[in-house]
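Trainee: Dropping the sequence and predicted coords here.
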Amino acid sequence: MMLKLAILHHKNKDYDQSIATLQKLLAKHPQTPLKEEIKVAMAKSFKAIVERETEAGTPENAIAYCEQVQSVLRIDDMPDLLLLVGDTYRRLCMHLQALSAFQKARRFYSEGDEPAGLLFGLGESFYMVNRFDKAEPILKAFLVKYPEHKGASAAYYLLGNILVQRKEYRKALQSFNLALQQKPDPHHQVKVLMGVANALTSQGKHGKAVSYFKRAIALITKNKAGSSEDLYIAYRELGESYLAVGGIKKAVTAFENALELNPKDFEAPGLQFRLAQCYHRLKATDKAQEMWNGVLSSGDPFWSDMARVELKQIQVEESLGKIRDSLAGSSPAKAAL
């Protein structure tokens, strides 16, 4: 009777009540001959709850259900549920837990028959725990088998990052370009554009990198595709690239925009120091001194010492300038006139 009631709850989409009813049934009759039927019904409701919470944007609730149900329901023998749980952990950036679930699920599939969600989930999870040697072949297998999958752009992006780590920049750029060809959403497109720009700067191609940093900034500001931290990094790196090609005034604008975004406390002194260097090169000595004094007051041990050296250098330059002026004013030629 209780099993029928639980099934009715499931049909009415009252999945929580269905699981609660089934748990009561198992608690009252742990040796019931209907034990397998109860677990199948519980698995169906559990799957529906995970899907519901994921669609609602609350995957953490799904994980809570998972931990609650696992004491009764052995999901290690249910590949569909393992995939669902793994993907939920992945969305929550709980990569070790995701990896564990995906690896358990993989046992039920032969090589070449793995579903897209399993291959992508495994590849991304290995990547996120810095097991690039494991991630790379799995992501490549995913792209060969599922080239049109919605995760293809992300897979190409991750492979590009792995290639950058190995300093294989030409191949990395090819992978990033393939990621862009998949027409990802604006948020992911920003990541790929930044990946391209960073690969170019790693090769010293700062002039080419500028256009990609600018495209990323335009996407972030126009479509709100990214966080303020993403925008800060893009402006900061744009400033560095401008500086590398001698565009000091443009570098100043980029660094000033980055500084307005209130970077993390430990990053601000370094950015202020860089901006002060630009002011100094533009002969805006007062601005440079003000900025370096700000770095001094930050108390950062490294950047404070660097700022102190620069301020001392300005004092030396000013003293030498006064001496030169004094000598020029009292020269024998001028005295004879």
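Mentor: That came in fine, so what should we check first?
Trainee: so which strand or helix has the nearest residue to His10 once chain neighbours are set aside?
Mentor: If the residues on either side of it in the chain are set aside, His10 comes closest to Ser18, at 4.4 Å by CB to CB, 6 or more residues apart in numbering. Glycine gets a C-beta too; all of them are placed from N, C-alpha and C. If you go by DSSP states H and E, Ser18 is part of helix 15-28.
Trainee: Low-confidence stretches in the stretch 151-300 of the chain?
Mentor: For the stretch 151-300 of the chain, residues meeting the criterion pLDDT under 70 lie at 225-226, 263.
Trainee: Which secondary structure state is assigned to Ala135?
Mentor: Three-state call for Ala135 (DSSP: H, G, I helix; E, B strand; the rest coil): helix.
Trainee: hmm, back to that, mind pulling up the pLDDT for the residue nearest to His10?
Mentor: Note for Ser18: predicted pLDDT of 86.
Trainee: Also the one 4 residues further on?
Mentor: As summarised for this prediction, Leu22 has a pLDDT of 80.
Trainee: which strands and helices sit next to the helix holding Ser18?
Mentor: Counting contacts by 3 or more CB pairs under 8 Å, 6 or more residues apart in numbering; DSSP states H and E, helix 15-28 is packed against helix 2-11, helix 35-55.
Trainee: just those helices: most buried one?
Mentor: Among the helices and strands packed on helix 15-28, ranked by average contacts under mean count of other CB atoms under 10 Å, first place goes to helix 35-55 (a mean of 18).
Trainee: longest helix of the chain?
Mentor: In the chain, with assignment by DSSP state H, the single longest helix is helix 301-329.
Trainee: Show me what counts as buried in that one.
Mentor: When neighbours are counted by 16 or more other CB atoms under 10 Å, the buried residues of helix 301-329 are found to be Trp303, Ser304, Met306, Ala307, Glu310, Leu311.
Trainee: Show me what that helix is packed up against.
Mentor: Contact partners of helix 301-329 among helices and strands, from 3+ CB pairs under 8 Å, 6+ apart: helix 268-281, helix 285-298.
Trainee: Now name the helix or strand holding the residue positioned nearest the centre of the chain.
Mentor: Centre of the chain computed as the mean C-alpha position; nearest residue by CA atoms, centre = their mean is Lys191, 7.6 Å away. Counting by DSSP H and E, the element that carries Lys191 is helix 186-202.
Trainee: In a markdown table: the helices and strands packed on helix 301-329, plus distance to Leu231.
Mentor: Listed next are the helices and strands packed on helix 301-329 as a markdown table, based on distance: least, CB to CB, whole Å:
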| stretch | distance to Leu231 |
| --- | --- |
| helix 268-281 | 14 |
| helix 285-298 | 21 |
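Trainee: Quick check: which of those has the most neighbours on average?
Mentor: Most buried of the helices and strands packed on helix 301-329 by mean neighbour count (mean count of other CB under 10 Å) is helix 268-281; its value is a mean of 21.
Trainee: Mind giving me the packing neighbours of that helix?
Mentor: Using 3+ CB pairs under 8 Å, 6+ apart, helix 268-281 sits against helix 228-244, helix 248-260, helix 285-298, helix 301-329.
Trainee: Other residues contacting that helix?
Mentor: Applying CB atoms under 8 Å, 6 or more residues apart in numbering, the external contacts of helix 268-281 come out as 236, 239-240, 243, 248, 251-252, 255-256, 258-259, 262-263, 285, 287-289, 291-292, 294-295, 298, 300, 303-304, 306-307, 310, 314.
Trainee: now the angle from it to helix 301-329?
Mentor: Between helix 268-281 and helix 301-329, the angle formed by their directions is 20 degrees, by axes from the mean of the first three to the mean of the last three CA atoms, to 10 degrees.
Trainee: Could you identify the helix or strand that succeeds the strand or helix carrying Leu81?
Mentor: If you go by DSSP H and E, Leu81 is part of helix 79-91. Beyond helix 79-91 on the C-terminal side, the first helix or strand identified by DSSP H and E is helix 95-106.
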